[in-house]
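Visitor: Sharing a model that was predicted from the sequence below.
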Amino acid sequence: MWCRAAGINNTADVNLCKVMKTHIFLVGFMGSGKTHWGRLLAAHLHVPFMDLDTAIEQGECQSVGVLFAEKGEPVFREMERDYLHRLVKLSPGIIATGGGAPCFFDNLEFMKSTGRVIYLQTPAVVLARHLAGGRAARPLLASLEDDELIGFIENLLAQRAIFYEQAQVILPYADVTEAVFLARLVDVVT
């Protein structure tokens, strides 16, 4: 068991070992910090971290942007579903999904049946601030002008909220230090 190998002995962390018999999925809009917080949480808990987009890129030897451009969103979403099913077969850990992953096929129900889903709920204005500089790497944002970004985010976030809000845990954004937010994330996991 991973907890013994990591030298975990205290009561709170032993309880965590029970939780980590399944995966923890981080969902939310692009720019909500799924990868950032997933890495920190996995390191803190001494469990594997997996990023769905990275798994796709490594498996397909192409970036998500190229896959979107060359194959189209419907084909990409099928790949995303297939890679999600592959990741779940690995040792339990933290999985950061793509922003759209819970919104297609039966992905959300699949995640809920194979682990615990945590929605990193982030306001559109904060998402716009996080995404403003890196739009070129995001297929859905690459063609947007600065003045179009917030409206696009608000619209797509409204469409996706119905899926995100079905997560077992909703963790609202807070303008606090990294250590404080990580502690809040650990609290909802344990």
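Guide: Cool, the structure landed.
Visitor: Next, the residues that contact the longest helix seen in the chain from outside, please.
Guide: Taking DSSP state H as the criterion, the chain has its longest helix at helix 146-164. Contact with helix 146-164 is made by 27-29, 99-100, 102-103, 108, 119, 121, 124-125, 127-128, 131-132, 135, 140-141, 144, 170, as judged by C-beta atoms under 8 Å, 6 or more residues apart in numbering. The C-beta positions use only the backbone N, C-alpha and C, and glycine is treated the same way.
Visitor: Would you write a ChimeraX line that selects the buried entries of these?
Guide: If you want just the buried ones from those in ChimeraX, going by 16 or more other C-beta atoms under 10 Å, the selection is:
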select :27,28,29,99,100,102,103,108,119,121,124,127,128,131,135,140,141,144,170
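Visitor: List the ones among the contacts of helix 146-164 that fall in strands.
Guide: The strands, defined by DSSP state E, take in V27, Y119, Q121, I170 from the contacts of helix 146-164.
Visitor: gap between the third one and V189?
Guide: Q121 sits 16 Å away from V189, going by C-beta to C-beta, to the nearest Å.
Visitor: in a strand, that's where L84 is, yeah?
Guide: No - applying DSSP: H, G, I helix; E, B strand; the rest coil, one finds L84 to be helix, outside a strand.
Visitor: doesn't T97 make contact with it?
Guide: Yes - the pair L84 / T97 is scored as a contact, 7.2 Å apart, by C-beta atoms under 8 Å.
Visitor: what's the overlap in contacts for these two?
Guide: The contact sets of L84 and T97 overlap at L52, N107, M111 (C-beta under 8 Å, 6+ apart).
Visitor: what about the last one, which helix or strand?
Guide: Read it as M111. In this structure, M111 sits in helix 107-114 according to DSSP states H and E.
Visitor: Export that helix to PDB, keeping only CA atoms.
Guide: Extracted C-alpha coordinates of helix 107-114, given in PDB (Å, rounded to 0.1, in the frame of the first residue of the first chain):
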ATOM      1  CA  ASN A 107     -17.200  11.100 -18.500                       C
ATOM      2  CA  LEU A 108     -18.500  12.700 -15.400                       C
ATOM      3  CA  GLU A 109     -20.500   9.700 -14.300                       C
ATOM      4  CA  PHE A 110     -17.500   7.500 -15.100                       C
ATOM      5  CA  MET A 111     -15.300   9.700 -12.900                       C
ATOM      6  CA  LYS A 112     -17.800   9.700 -10.100                       C
ATOM      7  CA  SER A 113     -18.100   5.900 -10.300                       C
ATOM      8  CA  THR A 114     -14.300   5.400 -10.200                       C
END
